[in-house]
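> With the input below, show me the fold.
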Amino acid sequence: MTNIGIYGSNGRMGRAIATIAAGEGVTVAGGGDAGSDPLPIAQAADVLVDFSTPAALEAHLEAAVAARTPIVIGTTGLLAAHHALIERAAESIAVLQTGNTSLGVTLLGVLVREAAARLGADWDIEITEMHHRHKVDAPSGTALLLGEAAAAGRNMRLAEVRVDSRAGLVGARSEGTIGFASLRGGSVVGDHNVVFAGEGERIEIGHRADDRTIFARGAVKAALWLAGRAPGRYAMAEVLGL
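Numbers count the residues shown, from 1 in each chain. Alright, predicted model coming up:
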């Protein structure tokens, strides 16, 4: 039986993961939150799941590497420095980092990449997302995941074509850019929509999350898949065989 350790165990996602794991007969080896030593959990678990904060990621990765324990990272709001830490950790352990553990969003990313690859640069790409009033980062990790998929479909780097804000007299839209718009309010779990806008027509592909347990279910599935894998950096699409 696989033992899962949870970083951010007292948060919404951490509690949901523990509930799903128990329902599927998976053992929770322990949980950790801000201020706790991450190493004992890493040593007790066969695989770790991190839904904590960007500030805690470095310590969690160090513990995972020290214990040689694979880790699934679902924490959002990560910067380039965090991804550099992930790349370094992936030289020693299996790491799966994603902006969204939903199986539906994982498939959506594949569809977005395919659409971007097949449609020309004259099809403008815009990504909108809405979340509950308590979410602190924007654009969401999922929106960025979808933006990365769209950029990859066009053989581009998202950092080179990303536009986060349009306010005032910003001028006409530049061809090839990928725009983001974020909405916050109420108790919305997560809505994402990708628009491919051409001359006289547009295609919209989206996903709506009605229940946070979809992310927990996907996180547990990813953790079970990652346990025992060779060192390297993995993605949710591989969990689904996409």
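> ok, Gln97 touching Ile73?
Yes - in this structure, Gln97 is within contact of Ile73 by CB atoms under 8 Å, at 4.2 Å. Backbone N, C-alpha and C define where each C-beta goes, glycine included.
> Residues that sit against both of those two, list them.
Residues touching both Gln97 and Ile73 (CB atoms under 8 Å, 6 or more residues apart in numbering) are Ile86.
> what separates the most centrally placed residue in the chain from Val110, distance-wise?
Nearest residue to the geometric centre of the chain (CA atoms, centre = their mean): Gly99, 1.0 Å. To Val110, Gly99 is 14 Å away according to CB to CB, to the nearest Å.
> What residues sit buried inside stretch 29-44?
For stretch 29-44, burial by neighbour count (16 or more other CB atoms under 10 Å) applies to Ala29, Gly30, Gly31, Gly32, Asp33, Pro38, Leu39, Ile41, Ala42.
> Gln97 and Ile73: which is more packed in?
Neighbours around Gln97 and Ile73, counted as other CB atoms under 10 Å, are more numerous at Ile73. The numbers are 26 against 23.
> Isn't that one up against Val47?
No - between Ile73 and Val47 there is no contact under CB under 8 Å: 11.7 Å.
> could you point out which element follows the lowest-mean-pLDDT helix or strand in the chain?
Scoring the helices and strands of the chain by mean pLDDT, DSSP states H and E places strand 27-32 at the bottom, with a mean of 89. Using DSSP states H and E, the helix or strand that follows strand 27-32 in sequence is helix 39-44.
> can you tell me which helix in the chain is longest?
The longest helix of the chain (DSSP state H) is helix 103-118.
> Give me the mean pLDDT for that helix.
Across helix 103-118, pLDDT averages out at 95.
> Could you number the chain from 33 rather than 1 from now on?
All set: I'll call the first residue 33, so the last point we hit is now helix 135-150.
> packing partners for the helix or strand just after it?
Downstream of helix 135-150, the next assigned helix or strand under DSSP H and E is strand 156-163. Packing partners of strand 156-163 (3 or more CB pairs under 8 Å, 6 or more residues apart in numbering; DSSP states H and E): helix 173-185, strand 210-216, strand 222-230.
> which one of those lies closest to Ala50?
Ranking those by proximity to Ala50 (CB to CB) places strand 222-230 first, at 20.3 Å.
> Who are the packing partners of that closest one?
On a contact count with 3+ CB pairs under 8 Å, 6+ apart, strand 222-230 meets helix 135-150, strand 156-163, helix 173-185, strand 233-241.
> that older thread, just checking, what packs against the least confident helix or strand of the chain?
strand 35-39, helix 44-55, helix 71-76.
> How about residues contacting the second one?
Put plainly, it is helix 44-55. 36, 38-41, 59-60, 63, 65, 81, 83, 106, 244-245, 247-249, 251-252.
> Which strand or helix spans Phe114?
For residue 114 the amino acid is His, not Phe. Assigned by DSSP H and E, His114 falls in helix 112-121.
> how close does Glu180 sit to Ala122?
17 Å.
> same question, Ala99
Going from Ala99 to Ala122 by CB to CB gives 15 Å.
> ok, now Gly185?
For Gly185, the distance to Ala122 - CB to CB - is 24 Å.
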